[in-house]
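In: quick one, fold the following:
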Amino acid sequence: MNAVRYLATTFLAFAALTASAAVTYTYTGNPLRSADSPGLGIDIPGVRAQLTFSDDGTRLIGWSMGQYNFGYVTSSGTANYANFSLTTDAAGNVIHWYVTAEGPQNQDYASFKSAINYPNVVPSTFDSVYLLPSTLYTNAALPGIWSSTGSLPSRDLQFTVVSSAVPEPGSLLMLLVGLVATTSARRHASLR
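Out: The predicted structure follows:
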């Protein structure tokens with residue numbers, strides 16, 4: 001019984017040590033116009049993105065990106081590819097970004113993108129929603145706004161995510177601790 005208590009205490013201590021405050025940046029884009037008829041007015045609400053980082057900005061904990069009418073591609077969903085590049089100033093405000101996420105959306109394939117003052121991209125400031133094979137909505141030179149729950153000052157955050165079925169190391173560690181605790185409890189019970 002002492003071994004089970006020890007393992008449970010160790011697991012709880014490990015969970016407490018690895019838990020940290022997260023900083024979430026949320027982007028709200030301006031309305032998008034249809035690329036087929038840009039002069040006919042506003043068509044749909046803008047792109048939205050939410051990126052959650054570890055408190056020191058070294059890990060991307062979770063993310064979602066999409067648009068109200070077409071849905072969202074998320075870190076826990078069926079995203080095929082995502083790329084997030086954010087630069088913050090000394091106060092932690094986002095000053096440059098290029099964020100994109102792609103994946104299946106209902107019966108279509110969606111691509112959501114947003115950028116401001118991003119080098120080597122023309123135009124350097126834009127939002128877009130592209131639903132394959134042919135639906136495109138854009139907004140050029142009118143960036144939305146970022147808000148955050150905390151601050152990651154003077155950072156250049158770069159993350160690329162490609163779909164994979166490999167479990168995270170933390171999940172494997174929790175599984176291992178659970179197996180050891182179960183084995184220890186069974187062994188202890190059989191010795192009685």
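
In: now the strand or helix carrying residue 53: average pLDDT?
Out: Assigned by DSSP states H and E, residue 53 belongs to strand 47-54. The average pLDDT within strand 47-54 is 96.

In: run me through the strand neighbours of it, direction for each.
Out: Partner strands and pairing direction for strand 47-54 (DSSP bridges) are strand 22-28 (antiparallel), strand 60-67 (antiparallel).

In: ok, and what's touching the next helix or strand after the last one?
Out: Going back to what we said before, that points to strand 60-67. Next helix or strand after strand 60-67 toward the C-terminus (DSSP H and E): strand 71-74. For strand 71-74, the surrounding residues in contact (CB atoms under 8 Å, 6 or more residues apart in numbering) are 48, 62-66, 79, 82, 101-103, 105-106, 110, 112. For every residue, glycine as well, the C-beta is placed using N, CA and C.

In: parallel or antiparallel, which strands does strand 71-74 pair with?
Out: Strand 71-74 sits in its sheet next to strand 60-67 (antiparallel), going by DSSP bridges.

In: tell me which residues of the strand it pairs with come out buried.
Out: For strand 60-67, the neighbour count (16 or more other CB atoms under 10 Å) marks 60, 63, 64, 65, 66, 67 as buried.

In: could you check the angle strand 60-67 makes with the lengthiest strand in the chain?
Out: Secondary structure of the chain read by DSSP state E shows that its longest strand is strand 94-105. Strand 94-105 runs at 70 degrees relative to strand 60-67, counting by axes from the mean of the first three to the mean of the last three CA atoms, to 10 degrees.

In: how about the CA coordinates for strand 94-105, as CSV?
Out: C-alpha atoms of strand 94-105 as CSV (Å, rounded to 0.1, in the frame of the first residue of the first chain):
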residue,chain,number,x,y,z
VAL,A,94,2.0,41.2,-31.6
ILE,A,95,3.7,43.4,-34.2
HIS,A,96,4.4,40.9,-37.1
TRP,A,97,2.6,37.7,-37.8
TYR,A,98,2.0,35.0,-40.4
VAL,A,99,-0.5,32.3,-39.2
THR,A,100,-2.0,29.6,-41.4
ALA,A,101,-4.0,26.4,-40.7
GLU,A,102,-5.3,23.9,-43.2
GLY,A,103,-7.5,20.8,-42.9
PRO,A,104,-10.7,19.0,-43.9
GLN,A,105,-13.9,21.0,-43.2
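
In: partner strands of it and their direction?
Out: Partner strands for strand 94-105, per DSSP bridges, with pairing direction: strand 81-88 (antiparallel), strand 108-116 (antiparallel).

In: so what's the spatially most central residue of the chain up against?
Out: Nearest to the geometric centre of the chain sits residue 63, at 1.7 Å (CA atoms, centre = their mean). Contact partners of residue 63, counting by CB under 8 Å, 6+ apart, are 49, 50, 51, 52, 74, 75, 82, 84, 101, 161.

In: possible to save these as CSV with neighbour count and distance to residue 137?
Out: Formatted as CSV, the contacts of residue 63 follow (neighbours: other CB atoms under 10 Å; distance: CB to CB, whole Å):
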residue, neighbour count, distance to residue 137
49, 29, 15
50, 17, 20
51, 26, 22
52, 17, 26
74, 17, 20
75, 17, 23
82, 25, 19
84, 21, 21
101, 27, 15
161, 15, 23
